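Engineer: curious how this folds, go ahead:
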Amino acid sequence: MKTYLKWNDVLYRINRLASQIRYDTMTKDFVRVWGIPRGGSIVSGLMCTILSHIQIVDDIDNCDIIVDDIYDSGATEQRYSMYNKPIYFLVDKRKEFQNDWVVFPWELDDEEKEVGDYLLRVMQYFNWDKNKVTDIINNISTEDVEKTVKHLNLLDILKNA
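Structural biologist: Predicted coordinates for the structure are as follows:
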């Protein structure tokens, strides 16, 4: 099932996340935030409009905290755990929407998404092994993807999911 978050849902969550960050960082005069590219960048931008002591940085090495739009499979958190910085998520699928495909208002319409994004999200949704997913994505050619999508009619399946 797909869950479409609206902007008012996002702003509510941003305020809730900002309160948590404010509490967690109350001993600091300002907090340097790095948003994980795409969704996290939007989250960090919205947060700096709410929290006056937030400073967005362009380099992960210069941040105090990391933010992203969603905790889904845990792959993103694992990828950035080597930086030993707290990571905050707008939506945490360990706590809510466990069986849903969450769509944020800043995401493109289905027709505008890249095929690779579809494949990756479907594979993650069905909990396919992330190493296999990475191998498949890295070793598949555009021509193979187009043939597979046409053959399986994957886009139509995803539109109706």
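
Engineer: which helix or strand contains Lys28?
Structural biologist: For Lys28, there is no helix or strand it lies in under DSSP states H and E.

Engineer: where does pLDDT dip in this structure?
Structural biologist: Scanning the chain with the threshold set as pLDDT under 70 gives 108-161.

Engineer: so how many other residues sit close to the closest residue to Ile21 other than its chain neighbours?
Structural biologist: Nearest non-adjacent residue to Ile21, counting by Cβ to Cβ, 6 or more residues apart in numbering: Tyr88, 6.2 Å away. Every C-beta, even on glycine, is put in place using the N, C-alpha and C of the backbone. Residues near Tyr88, counting by other Cβ atoms under 10 Å, number 20.

Engineer: let's verify Tyr88: helix, strand, or coil?
Structural biologist: strand (DSSP: H, G, I helix; E, B strand; the rest coil).

Engineer: so who does it touch?
Structural biologist: Going by Cβ atoms under 8 Å, 6 or more residues apart in numbering, Tyr88 touches 17, 20-21, 65-68.

Engineer: what about the residue lying closest to Asp24 once chain neighbours are set aside, neighbour count?
Structural biologist: Excluding its sequence neighbours, the residue lying closest to Asp24 (Cβ to Cβ, 6+ apart) is Pro86, at 7.0 Å. Applying other Cβ under 10 Å, we find 13 residues neighbouring Pro86.

Engineer: Pro86 contacts Leu17, correct?
Structural biologist: No. If you go by Cβ atoms under 8 Å, Pro86 and Leu17 don't touch, sitting 11.8 Å apart.

Engineer: can you name the element that comes right after whatever helix or strand Ile42 lives in?
Structural biologist: For Ile42, the element it lies in under DSSP H and E is helix 39-50. Next in sequence after helix 39-50, counting helices and strands by DSSP H and E, comes strand 54-56.

Engineer: packing partners for whichever helix or strand comes after that following strand?
Structural biologist: Downstream of strand 54-56, the next assigned helix or strand under DSSP H and E is strand 65-71. Helices and strands touching strand 65-71, by 3 or more Cβ pairs under 8 Å, 6 or more residues apart in numbering; DSSP states H and E, are strand 31-35, helix 39-50, helix 75-80, strand 87-92.

Engineer: which residue sits closest to Trp34, ignoring its sequence neighbours?
Structural biologist: Nearest to Trp34 is Cys63, by Cβ to Cβ, 6+ apart, at 3.7 Å.
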